[in-house]
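[1] Sequence and predicted structure, then a few things I'm wondering about:
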Amino acid sequence: MAKFFFSNLWIFFKKNFVMFAAFFAALITCFIIPVDREYLEYFDLKTLSCLFCVLCVVCALKNIKFFYILA
């Protein structure tokens, strides 16, 4: 049972390596820069919403196989 769990966990880690790398980098920076109220000011909602919209468009184009046809 434990072997099955760890093998699935390893597969999940390998598929989502970038997410885990970003998480651990963020965790390390939390120790370098102490957490305070200024963290809330770091989020630029205009930029984040623009990136989200671009991601939505790219995913939509991927779903209609636009990039495959373009290539």
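    That came through, no problem.
[2] per-domain residue ranges of this protein.
    1-35, 38-71 (automatic domain parsing).
[3] For residue 12, identify the helix or strand it belongs to.
    helix 2-15 (DSSP states H and E).
[4] Actually, residue 22.
    helix 17-32.
[5] which phi and psi does residue 58 have?
    phi -60, psi -40 (degrees, to the nearest 10).
[6] My error: substitute residue 34 in the last question.
    Here is the backbone geometry of residue 34 (degrees, to the nearest 10): phi -60, psi 150.
[7] Now tabulate the domains of the chain in TSV and tack on mean pLDDT.
    Output for the domains of the chain, formatted as TSV (pLDDT from 0 to 100):
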stretch	mean pLDDT
domain 1-35	87
domain 38-71	91
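[8] Adding mean neighbour count, write those out as a markdown table.
    Quick note: C-beta positions are derived from backbone N, CA and C, even for glycine. A markdown table is the format used below for the domains of the chain (neighbours: other Cβ atoms under 10 Å):
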| stretch | mean neighbour count |
| --- | --- |
| domain 1-35 | 9 |
| domain 38-71 | 9 |
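[9] that older thread, can I get the CA coordinates of the helix holding residue 12 in PDB?
    What follows is helix 2-15 as a C-alpha-only set of coordinates in PDB (Å, rounded to 0.1, in the frame of the first residue of the first chain):
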ATOM      1  CA  ALA A   2       2.800   2.500   0.900                       C
ATOM      2  CA  LYS A   3       4.700   1.500  -2.200                       C
ATOM      3  CA  PHE A   4       1.700   2.300  -4.400                       C
ATOM      4  CA  PHE A   5       1.200   5.700  -2.600                       C
ATOM      5  CA  PHE A   6       4.900   6.700  -3.000                       C
ATOM      6  CA  SER A   7       5.000   5.600  -6.600                       C
ATOM      7  CA  ASN A   8       1.900   7.700  -7.400                       C
ATOM      8  CA  LEU A   9       3.400  10.600  -5.500                       C
ATOM      9  CA  TRP A  10       6.600  10.300  -7.500                       C
ATOM     10  CA  ILE A  11       4.600  10.300 -10.700                       C
ATOM     11  CA  PHE A  12       2.700  13.400  -9.600                       C
ATOM     12  CA  PHE A  13       5.900  15.100  -8.600                       C
ATOM     13  CA  LYS A  14       7.500  14.400 -12.000                       C
ATOM     14  CA  LYS A  15       4.500  15.700 -13.900                       C
END
